[in-house]
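Student: pasting the sequence and the predicted model now:
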Amino acid sequence: MERLRLIRHSFPDQPELSTAISRTILERVAAGELPPTIRIHRPGREVAFGRQDLANPGYADAADAARATGFAAVERLAGGRAAVFTEGTIAIARAYSDPQPPKRTYARFEEMSDLIASALRELGVDARVGEVPGEYCPGAYSVNARGAVKLAGIGQRMIRGGAHMGGVVVASGGDEIAGVLVPVYEALGLDWDPATSGSVAEELGRQVDPGELEEALIGELAKSYELVSSELDEETVSAAARSLR
């Protein structure tokens, strides 16, 4: 069974540093300095904007709208349009070593979406892979419930020698996410249906702590990999911090 380094360290109060750490891990894995790594962690309150958003004439207003609701505005490492991270979500950041990353683009998307959907089904959710019409940050590998509401989004970034898969899964607070995204998407001039923003808690009809979802994801991952629990090394943290200066 292939070994996979697992890190669970979170930086909920430092969203920019958290993204920089994921970027640094990707670069170091691609360079052969670190083994393939996955970080499953609990983010803080942030709206993560994609490169298309940053190029949008309405970006400044969208970022202001995010901050006005108490959310930091940060640039995504991977993915398309703006997505929301809250204390009720779980974030996934996986770094692959791959000498020819474009050849396995879809395989990585499939693996990540299947992982999330399988974990949610274990919890009792009718989880499916596919885009829900009108969803925020639309993608063919989104994970939904009943084909009606979005529960998770996935993005990918490739560099020389490696690839990054990022994801966010909503344990609770689908309404809060919709409330944040309404003014953000309006500023960006993007159409979407707020009713498509869902959560695992709403699907199960009970409270769902993010920790329960975190353990479900790790349990599902352990079926395919020998997970090696690890702490973030000082070199990675220092390099990430330097990149923000």
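Tutor: Ah, there it is. Residues are numbered from 1 along each chain as shown.
Student: residue ranges in this protein under the pLDDT threshold?
Tutor: Counting by pLDDT under 70, the chain shows no low-confidence range.
Student: now the strands for it?
Tutor: Remark: strands assigned in the chain by DSSP state E are 3-7, 37-41, 46-49, 72-75, 83-85, 89-97, 127-129, 143-145, 149-159, 162-170, 226-230.
Student: and the gap between the closest residue in space to residue 2 that isn't next to it in sequence and residue 108?
Tutor: Leaving aside its sequence neighbours, residue 2 sits nearest to residue 225 (Cβ to Cβ, 6 or more residues apart in numbering; 5.6 Å). C-betas here are computed from N, CA, C, even on glycine. Separation of residue 225 from residue 108 (Cβ to Cβ, to the nearest Å): 14 Å.
Student: check contacts around the residue most central in space within the chain.
Tutor: The centroid of the chain falls nearest to residue 167 when counting by Cα atoms, centre = their mean (2.4 Å). Residue 167 is in contact with 91-92, 112, 116, 152-155, counting by Cβ atoms under 8 Å, 6 or more residues apart in numbering.
Student: now residue 92
Tutor: 38-40, 112, 116, 165-169, 217.
Student: in this structure, which helix has the most residues?
Tutor: Counting residues, the longest helix found in the chain (DSSP state H) is helix 105-123.
Student: relative to strand 149-159, how tilted is it?
Tutor: Comparing the axes of helix 105-123 and strand 149-159 via axes from the mean of the first three to the mean of the last three Cα atoms, to 10 degrees yields an angle of 150 degrees.
Student: what residues sit buried inside helix 105-123?
Tutor: 108-109, 111-113, 115-120, 123 (16 or more other Cβ atoms under 10 Å).
Student: can you add distance to residue 235 and give these back as TSV?
Tutor: Below are those laid out as TSV (distance: Cβ to Cβ, whole Å):
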residue	distance to residue 235
108	26
109	30
111	28
112	27
113	32
115	28
116	30
117	35
118	34
119	31
120	35
123	36
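Student: from those, which is closest to residue 130?
Tutor: residue 113 (8.8 Å; Cβ to Cβ).
Student: residue 12: how many residues sit nearby?
Tutor: Using other Cβ atoms under 10 Å as the criterion, residue 12 is surrounded by 16 other residues.
Student: who are the contact partners of it?
Tutor: Taking Cβ under 8 Å, 6+ apart as the test, what residue 12 contacts is 42-45, 87.
Student: re the thing from before, out of the strands of the chain, the one nearest residue 197 is which?
Tutor: Of all these, it is strand 149-159 that lies closest to residue 197, at 6.4 Å by Cβ to Cβ.
Student: just the angle for the closest one relative to strand 89-97, thanks.
Tutor: Following the same axes, to 10 degrees, one obtains 30 degrees for the angle between strand 149-159 and strand 89-97.
Student: what comes up buried for strand 149-159?
Tutor: Those would be 149-159, for strand 149-159 by 16+ other Cβ under 10 Å.
Student: can I get the CA coordinates of it in PDB?
Tutor: Listed in PDB are the C-alpha atoms of strand 149-159, where the atom choice follows Å, rounded to 0.1, in the frame of the first residue of the first chain:
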ATOM      1  CA  VAL A 149     -27.300  21.000  -3.300                       C
ATOM      2  CA  LYS A 150     -23.500  21.400  -3.400                       C
ATOM      3  CA  LEU A 151     -21.500  20.000  -0.400                       C
ATOM      4  CA  ALA A 152     -18.000  20.100  -1.700                       C
ATOM      5  CA  GLY A 153     -15.800  21.800  -4.400                       C
ATOM      6  CA  ILE A 154     -12.500  20.700  -5.800                       C
ATOM      7  CA  GLY A 155      -9.800  22.500  -7.700                       C
ATOM      8  CA  GLN A 156      -6.400  21.600  -9.200                       C
ATOM      9  CA  ARG A 157      -3.100  23.300 -10.000                       C
ATOM     10  CA  MET A 158      -0.200  21.800 -11.800                       C
ATOM     11  CA  ILE A 159       3.500  22.800 -11.800                       C
END
